[in-house]
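1. structure of the sequence below:
(chains A and B)
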Amino acid sequence: MVRIRYFAWLRHKTGIGSEELALPDGVRTARQLGDWLAARSPGFHEAWTSTGVVRMAVNHEHVEDDVELGPDDEVAFFPPVTGG
Amino acid sequence: MIRVQAEPFDAGAEIEALTHGRTDVGAVVSFQGIVRAEEGGERLTALTLEHYPGMTERELERIEAEARARWPLQASLIVHRYGRMTPGEPIVLVVTVSAHRQAAFDAAAFLMDWLKTQAPFWKLAETSAGAAWVEAKASDDAAAARWQ
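-> Numbers count the residues shown, from 1 in each chain, chains lettered A, B, ... in the order given. Got it, this is the predicted structure:
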């Protein structure tokens, strides 16, 4: 199972902080997982499209769109960071 | 050394702990970020820092290791808070310790610039207009890019 985490406005708009699911058929990369999530319901679609850039991390590391996912990875989706 | 915590910190005590009893230290630079009572032209009443436990520590350690590879530091410290804070409270502390000032100045600036664009923290600002997520600034990306 892939563990998925959502932060900041993505957490607010999806209404969940984390979930687990088996990688859907045809989903190989982080970007493809994001696209799949964004298409699963109107709420997720709004979370992905209404407020700017969505960044990703896999297993606690920033990644580019095309990184390939493993079956037990932790994948996080979040806006650009604003700490400091 | 890095620490992620909800509690406030005492910058003076942190610096003392890093340098106490050492006679090889010639320069200590510290930076403290403080919650300002203004955000987007509105009066800010509170700031809540969300973070990604696990990844936050990993990123801060990575950024600190990068600084220590680039400059001859004798000690370094990053403390970053999470949770709800009010104006005047400290958010972040960076301390760099070196034999000479330039390395300490440069490493402290580098740590803050990289931390702001890479450590997984997000600010939720409560103002008279309601609560809103603070947007990332292009100027922060530009500041980080100068160290590439």
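2. by proximity to chain B, which residue of chain A wins?
-> Of all residues in chain A, the one sitting closest to chain B is A:Gly83 (2.7 Å; C-beta to the nearest C-beta). Where you see a C-beta, it was placed from the backbone N, CA and C, and this is true even at glycine.
3. test my guess that that residue contacts B:Glu50.
-> No - using C-beta atoms under 8 Å, A:Gly83 is not in contact with B:Glu50, being 9.5 Å away.
4. more neighbours, these two?
-> Ranked by neighbour count (other C-beta atoms under 10 Å in any protein chain shown), A:Gly83 and B:Glu50 place A:Gly83 first, with 25 against 19.
5. what sits against the closest residue to that one other than its chain neighbours?
-> Leaving out its chain neighbours, the residue that sits closest to A:Gly83 by C-beta to C-beta, 6 or more residues apart in numbering or on different chains is B:Phe121, at 2.7 Å. B:Phe121 makes contact with A:81-84, B:49-51, B:56, B:80, B:82, according to C-beta atoms under 8 Å, 6 or more residues apart in numbering or on different chains.
6. show me the contacts for A:Ala30.
-> A:56, A:58, A:63-67, A:69, A:75.
7. so which of the residues you listed sits lowest on pLDDT?
-> Among the contacts of A:Ala30, A:Asp65 carries the weakest pLDDT, at 87.
8. need the three-state assignment for that one.
-> coil (DSSP: H, G, I helix; E, B strand; the rest coil).
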